[in-house]
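[1] using only what follows, build the 3D model:
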Amino acid sequence: PSVPHAPRSTTYFFLFSLGICFFLDDVTLIHFPIHSPFPTSQFFVMTTSQLISISPDELRFHFELEKQTFCDLKVLNNTENHVAFKVKTTSPKKYFVRPNTGVVQPWDSCIIRVTLQAQREYPPDMQCKDKFLLQSTTVNPNTDVDDLPADTFNKESGNSIEEMKLRVSYITPTSPEGSSEDDASKNSQKLDSSSSQALQHLKEEREAAARQTRQLQQELDMLKRRRNRKSDPGFSFIFAIFVGVIGVLLGFVLKLLFSSPSTE
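    Numbers count the residues shown, from 1 in each chain. Presented below is the predicted three-dimensional model:
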């Protein structure tokens, strides 16, 4: 059942068929009994004052030399308002964020892909000091990302800005174990496990390619809308270049999507 937001400095106690809900200031604690459908955790903590929620709360990259790797963030709008967000990082040349700015509709969500560019050397002790900052604020309904004012995320302009900081960690790929000369069955099990992992990896790449295709299509539509709003005749040449690049990328992603072997 839906639960009304509890005012500040007020405590409420509710009994549900699944457990007890406590409202303490801006934090909601929900306790579930053993017979509830949440056996792994007895308590679920939710901050009701946040505009958005992010999952995961830390960027984890499988670090390999000379290879790009990515991490997807899910941004969820916790309100009935349109919420604009912007992603910043302490190392902008090291990461590629798409989209780095956007608007999430009420109770909706979106995916932000953060790509770590190929690195030529390992960081000291595999420790990463890079950080990300995600700013969010409410905007007028039906606001397009192109229509956001330049000072939308500027605190000095008087806007109410929420900020969430994300740390970055690197995960070292597991080294392959040595071959066993006296146990052929173990080798067979390892091959089966490797095949399953490869199929799972291909499935994840296919889903990621599908998401990227949708994002590229949205960007193409955005460019078309922007072109219609522009009256400068010189813009058509620039627009043609952008459309060409997006078209090439879209064709590449579609080729990757349909050429991937089926995992069904």
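[2] surely residue 53 touches residue 83?
    No: taking C-beta atoms under 8 Å as the definition, residue 53 is not a contact partner of residue 83, at 10.9 Å. (Glycine included, C-beta is placed from N, CA and C.)
[3] can you list the weak-confidence ranges in the stretch 1-150 of the chain?
    Along the stretch 1-150 of the chain, the parts satisfying pLDDT under 70 run over 1-49.
[4] can you map out the strands along it?
    Assigned by DSSP state E, counting those that start in this stretch, the strands in the stretch 1-150 of the chain fall at 11-15, 20-24, 27-31, 43-47, 52-55, 58-62, 69-77, 82-89, 95-98, 101-104, 109-116, 131-139.
[5] so between residue 53 and residue 83, which is more surrounded?
    Between residue 53 and residue 83, residue 83 has the larger neighbour count (other C-beta atoms under 10 Å), namely 23 against 15.
[6] does the more buried one have beta-bridge partners, and which?
    Beta-bridge partners for residue 83, by DSSP bridges, are residue 104, residue 138.
[7] I'd say it and residue 104 touch.
    Yes: here residue 83 reaches residue 104: they are 5.1 Å apart, a contact under C-beta under 8 Å.
[8] which residues are common contacts for these two?
    Common neighbours of residue 83 and residue 104, counting by C-beta atoms under 8 Å, 6 or more residues apart in numbering, are 52, 77.
[9] adding distance to residue 171, write the strands of the stretch 1-150 of the chain out as JSON lines.
    Formatted as JSON lines, the strands of the stretch 1-150 of the chain follow (distance: least, C-beta to C-beta, whole Å):
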{"stretch": "strand 11-15", "distance to residue 171": "41"}
{"stretch": "strand 20-24", "distance to residue 171": "36"}
{"stretch": "strand 27-31", "distance to residue 171": "31"}
{"stretch": "strand 43-47", "distance to residue 171": "26"}
{"stretch": "strand 52-55", "distance to residue 171": "17"}
{"stretch": "strand 58-62", "distance to residue 171": "5"}
{"stretch": "strand 69-77", "distance to residue 171": "9"}
{"stretch": "strand 82-89", "distance to residue 171": "19"}
{"stretch": "strand 95-98", "distance to residue 171": "16"}
{"stretch": "strand 101-104", "distance to residue 171": "27"}
{"stretch": "strand 109-116", "distance to residue 171": "11"}
{"stretch": "strand 131-139", "distance to residue 171": "17"}
